[in-house]
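>>> Prediction below, plus the sequence it came from.
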Amino acid sequence: MRKSDRGTPRQEVRKYRAGDAGRLAPRVIIGLVIFTTTSVSNLNGAMAETGSPQGVTMVAATDGQKIPESARTTAASLFGDRCAVCHGPNGDGKGPGAENLNPKPQDFRSRKWQRSVSDEKIAKAIVYGGPAVGLSSSMAANPDLEAQPNVVAALVEHIRSLAHKR
């Protein structure tokens, strides 16, 4: 038995050619884009989990204050645009984007769930996404809301109000 008869045949090693760079460049660029976007999203999640984010205290800061009507209007619009896709317009967790998700989105109308979660946890999930509070990574973060505590408080208020719409 010869050495070449054993195991899988050895593949030829292709030498570098000058024309290969043109085919390689798009792959490298795509790889860098994917790496950068995943690094940034992982960094945001890591900051949310390890740091003392401002988002957690923003609801507490507005507890004693009245939420402006403009913040409520913005929150209602954001809920319809961002949250209702998965959670449904009435908060039942059966939005058009929920069909293929596993785990399924939370039913905000559930009184049991409403009692089990704090306003701060809801606010943190809104701003930093599901992984920041131990939920699904399918729930996207909304970092643009970190600087808008009144809007986040209005979103929390809206989510709380859905318990009464069963």
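Great, that's in hand.
>>> Would you mind splitting the chain into its domains for me?
Listed by automatic domain parsing, the domain ranges of the chain are 18-51, 52-164.
>>> Buried deepest among those domains, which one?
domain 52-164 (a mean of 17; mean count of other C-beta atoms under 10 Å). The C-beta positions use only the backbone N, C-alpha and C, and glycine is treated the same way.
>>> Over that domain, what's the mean pLDDT, rounded is fine.
Averaged over domain 52-164, pLDDT sits at 90.
>>> Quick check: end-to-end length of stretch 137-148?
23 Å (C-alpha to C-alpha, to the nearest Å).
>>> can you offset everything so residue one is 35?
Will do, 35 is the new start, and the previous item becomes stretch 171-182.
>>> which ones are touching V167?
K155, K158, A159 (C-beta atoms under 8 Å, 6 or more residues apart in numbering).
>>> Show me which of those is closest to R194.
If you rank the contacts of V167 by distance to R194 using C-beta to C-beta, K155 comes first, at 12.2 Å.
>>> just checking, what packs against the host helix or strand of the closest one?
Assigned by DSSP states H and E, K155 falls within helix 153-162. Helices and strands touching helix 153-162, as assessed by 3 or more C-beta pairs under 8 Å, 6 or more residues apart in numbering; DSSP states H and E, comprise helix 54-84, helix 88-96, helix 183-195.
>>> Which helix or strand lies directly C-terminal to the second one?
Think helix 88-96. Downstream of helix 88-96 (by DSSP H and E), the next one is helix 103-112.
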